[in-house]
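In: please work out how this folds:
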Amino acid sequence: MNTPAFGISLEPRSRVERGLLGRALRFLHLDGWLLVGIGGVLLISLLALYSAEGQQLTELLDQVARMLVAFGALLFMAQISPNWLRRGSPLIYALGIVLLVMVMATGDIGKGAQRWLDLGVRFQPSEIMKLGLPMTLCWLLHDRPLPPSFGVLVVVVVLLVVPVGLIAEQPDLGTAILIVLSGAVVIFLAGLGWKYIAAVGALTGAAMPALWLVMHDYQRKRVLTLLDPESDPLGAGYHIIQSKIAIGSGGIFGKGWLNGTQVQLEFLPERHTDFIFAVIGEEFGLLGALALLLLYLLIIGRGLYIAAGAPDTFSRLLAGSLSVTFFFYVFVNTAMVMGMIPVVGVPLPLVSAGGTSMVTLMAGFGILMSIQTHRKLVAR
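Out: Modelled structure (predicted):
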């Protein structure tokens, strides 16, 4: 048995998972520690959204309904053995590509972007690729020697470039970046040699001027605004300026729930989606923000623990990829809200309002739970 860290044991059958509750969790293939972290984040989400949405009970109930649907996705994915997930990975990838092509042809347009499909339910197909791409890359690498050969890396790059190109065309730069990161994490965890990493870094640096030329005007403006938001305080810099004011004014203990002036007086834009971390910073202060980040750390740490104990290459790479990519989701949003990186339209995971993103994330956690609870059934 592993020695407990800080008095907390993360063994599969720890105190959290004993007794009647433990038997129920094992029967449903759920992981207690992940549920604790996810439940804590969702509770903070409801508190922040109720404030950000102007204390409208209807909006809160809508978010609760989304959470229930997302938990259903988690529960469903947790029942599927990693062996079946591996076999179905290429189909998920292919479905995602087909749906992305349909978005280009007939997708709904909103706020200047063509990102949604309405097939009875309105959703973003790009969210499917957040799972479909890393799953497919892990499937590709499962039976091959690691680190991957140059030929395998070429195939990986092709599998990565196709969905990223389709998503960037919508345009949705934030999601495209996250999907690139999810693929890059898989390759890194597979033992990519440092010479390849150095080559990719050099090529990325050399491509920056060309990337700048193909970026949309509003995307270039976001980069320039990061360097000097006060240059356009009522235009491009307004979001970042108001967000910094909200977070800074919260201090250590915050102004109190429902008492944030930037939020309640509606100075803070996109306060229920991309900038909801600023709501938490203003009303719950530094301590509230740290509590949320600690819950995120619990989720990420548990995911990496599951990856370390996974019995085969597919499960190990996939669990590691899902965990590290979730870290990037958190980092990109919080860094964006604090003015450390350009605004890229990435929601705060499990906290921002929205259904498709939450369902995707919870399905990913269901996969992590499946890997943890089906370990003895996975073919080595």
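In: would you map the strands across the stretch 1-150 of the chain?
Out: 108-110, 113-118, 122-123 (DSSP state E, counting those that start in this stretch).
In: so can I have JSON lines of those strands showing mean neighbour count?
Out: C-betas here are computed from N, CA, C, even on glycine. Output for the strands of the stretch 1-150 of the chain, formatted as JSON lines (neighbours: other CB atoms under 10 Å):
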{"stretch": "strand 108-110", "mean neighbour count": "11"}
{"stretch": "strand 113-118", "mean neighbour count": "16"}
{"stretch": "strand 122-123", "mean neighbour count": "16"}
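In: reformat those as JSON lines; add distance to residue 154.
Out: Supplementary listing: the strands of the stretch 1-150 of the chain in JSON lines, determined by distance: least, CB to CB, whole Å:
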{"stretch": "strand 108-110", "distance to residue 154": "35"}
{"stretch": "strand 113-118", "distance to residue 154": "29"}
{"stretch": "strand 122-123", "distance to residue 154": "32"}
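In: which stretch among these comes nearest residue 102?
Out: strand 113-118 (6.0 Å; CB to CB).
In: helix/strand/coil for the nearest residue to residue 147 once chain neighbours are set aside?
Out: Leaving out its chain neighbours, the residue that sits closest to residue 147 by CB to CB, 6 or more residues apart in numbering is residue 191, at 3.6 Å. Using DSSP: H, G, I helix; E, B strand; the rest coil, the structure places residue 191 in coil.
In: now do residue 146 against residue 183, distance only.
Out: As judged by CB to CB, to the nearest Å, residue 146 and residue 183 stand 16 Å apart.
In: list the buried residues in stretch 53-63.
Out: 53, 59-60, 63 (16 or more other CB atoms under 10 Å).
In: check stretch 80-90 too.
Out: Within stretch 80-90, the residues that qualify as buried are 81-82, 85-86, 88-89, counting by 16+ other CB under 10 Å.
In: which of the residues you listed sit farthest apart?
Out: Once CB to CB is applied, those give 81 and 89 as the farthest pair, at 13.0 Å.
In: nearest to residue 332, out of the strands of the stretch 1-150 of the chain?
Out: Going by CB to CB, the one of these nearest residue 332 is strand 113-118, 17.6 Å.
In: and the closest one, what does it pack against?
Out: helix 82-106, strand 108-110, strand 122-123 (3 or more CB pairs under 8 Å, 6 or more residues apart in numbering; DSSP states H and E).
In: that strand: how far from the chain's middle?
Out: Relative to the centre of its chain, strand 113-118 is centred 19 Å away, using CA atoms, centre = their mean, to the nearest Å.
In: cool, and stretch 187-198?
Out: Distance, stretch centre to chain centre, for stretch 187-198: 23 Å (CA atoms, centre = their mean).
In: might you list the low-confidence residue ranges for the protein?
Out: Applying pLDDT under 70 to the chain flags the ranges 1-18, 111-112, 376-380.
In: distance to residue 118 added to the buried residues of stretch 80-90, as JSON lines?
Out: Shown next, in JSON lines, are the buried residues of stretch 80-90 (distance: CB to CB, whole Å):
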{"residue": "81", "distance to residue 118": "33"}
{"residue": "82", "distance to residue 118": "33"}
{"residue": "85", "distance to residue 118": "28"}
{"residue": "86", "distance to residue 118": "32"}
{"residue": "88", "distance to residue 118": "25"}
{"residue": "89", "distance to residue 118": "27"}
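In: out of these, which one sits closest to residue 205?
Out: residue 89 (32.3 Å).
In: OK, contacts around that closest one?
Out: Neighbouring residues of residue 89 by CB atoms under 8 Å, 6 or more residues apart in numbering: 132, 135-136, 138-139.
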